[in-house]
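Asker: sharing a sequence plus its predicted fold:
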Amino acid sequence: MTKGGAAPQERAFAALTEKISRERGVSCGSYKDKCLKRRIAVRMRARGVHTYEDYAKVLDQDAHEYQELLDALTINVTKFFRNVETWNALRPYLDALARARPRLRVWSAGCSSGEEPYTIAVLLAEVGVPGVIDATDVDRLSLERTRQARYPETAFSEMPVTLKRRYFRDGQPLEPVRALVRVRAHDVTREPPPEPPYDLIVCRNVVIYFERQAQERLFQVFVDALAPGGVLLLGKVETLFGPARERLKLADPRERIYTKPA
Ligand SMILES: C[S@@+](CC[C@H](N)C(=O)[O-])C[C@H]1O[C@@H](n2cnc3c(N)ncnc32)[C@H](O)[C@@H]1O
């Protein structure tokens, strides 16, 4: 890229991301530019297009390509019991919550195709506490998969076999587990939490793609949405910072489990 070309290219990039936000409700402004550019470049290469302007035209003409782009922007990789040690570390906190409350309210934010909220549902069933899990994501295709809840064998590779046998048949969660999960469309960067207060909020492998300011804002939202004594699980990849950090206790530094004072 020549120096003279940089500014127009940046303007064209901004115009493209504004278009995507406006038309498809994915708030690109919250994502890191580097991430967006990398993923848009993959789609542009796939279509043999060299400028952001030309790619915008492709999006106007081809609904399938628009969906391909949205899939690329909202990385959906997930599994049941992904990083199983994280869920093992969470278990004592769930036991403690279950002792203190008759029913647990949980939010799985950025749930992708549902493996995470159904993992939590299995754990609630194991702990023996009733509850409801709000499974939310911005990506409609992922939500559809969460609703259908039919999973390939690969989705279970980290799940303890005994739990799979106890709670799944033919790749589908059994009704008592399935019934705990409530699926809904939700953008964490611009909508208030669905139905606070929550006893447990799980948000893993989502905020890494956001700009620092958007991360900081979201962490505040999570802390506000937690009930006193509630638990926030961020997992290995993300770390709480900013004013929200002052309001929670770091209970497990490795798995980034935080608790809100009662
Ligand atoms: C890598 S997956 C993580 C799935 C699951 N939490 C896990 O760790 O296995 C990231 C998910 O975040 C979702 N996501 C990205 N931006 C979002 C936003 N602004 N609001 C809600 N979900 C979002 C994506 O659609 C995707 O399903």
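Answerer: Sure, I can see it.
Asker: and the residue most central in space within the chain, how far is that from the ligand?
Answerer: Nearest residue to the geometric centre of the chain (CA atoms, centre = their mean): Gly110, 1.8 Å. Here the criterion is CB to the nearest ligand atom, to the nearest Å. By it, Gly110 lies 3 Å from the ligand. Placement of C-beta: from N, CA and C, glycine included.
Asker: correct me if wrong: that residue contacts Thr136.
Answerer: Yes: taking CB atoms under 8 Å as the definition, Gly110 is a contact partner of Thr136 at 7.4 Å.
Asker: show me the common contact partners of those two, please.
Answerer: Contact criterion CB atoms under 8 Å, 6 or more residues apart in numbering; residues shared by Gly110 and Thr136: Val188.
Asker: ranges for the strands of this protein?
Answerer: Remark: strands assigned in the chain by DSSP state E are 104-109, 131-137, 168-169, 172-173, 181-185, 198-202, 226-233, 249-252, 257-259.
Asker: can you list the helices and strands that the fifth one packs against?
Answerer: The criterion is 3 or more CB pairs under 8 Å, 6 or more residues apart in numbering; DSSP states H and E, and the helices and strands that strand 181-185 contacts are helix 115-127, strand 131-137, helix 140-148.
Asker: just give the nearest non-adjacent residue to the residue nearest to the centre of the chain, would you?
Answerer: Val206 (3.3 Å; CB to CB, 6 or more residues apart in numbering).
Asker: what's the distance between the one you found and Arg105?
Answerer: 19 Å (CB to CB, to the nearest Å).
Asker: out of the two, which sits in the busier spot?
Answerer: Val206 (24 against 20; other CB atoms under 10 Å).
Asker: give the contact list for the more buried one.
Answerer: With CB under 8 Å, 6+ apart, Val206 has these contacts: Ala109, Gly110, Val188, Glu238.
Asker: in terms of pLDDT, where does the last one sit?
Answerer: Meaning Glu238. Looking at Glu238, its pLDDT is 90.
Asker: for it, give its distance to Leu97.
Answerer: 21 Å.
Asker: which of the two has more neighbours?
Answerer: The residue with more neighbours, out of Glu238 and Leu97, is Leu97; 23 against 18, by other CB under 10 Å.
Asker: how many residues are close by the closest residue to the more buried one other than its chain neighbours?
Answerer: Nearest non-adjacent residue to Leu97, counting by CB to CB, 6+ apart: Asp199, 5.3 Å away. For Asp199, the count of nearby residues is 24 (other CB under 10 Å).
Asker: done for today, thanks.
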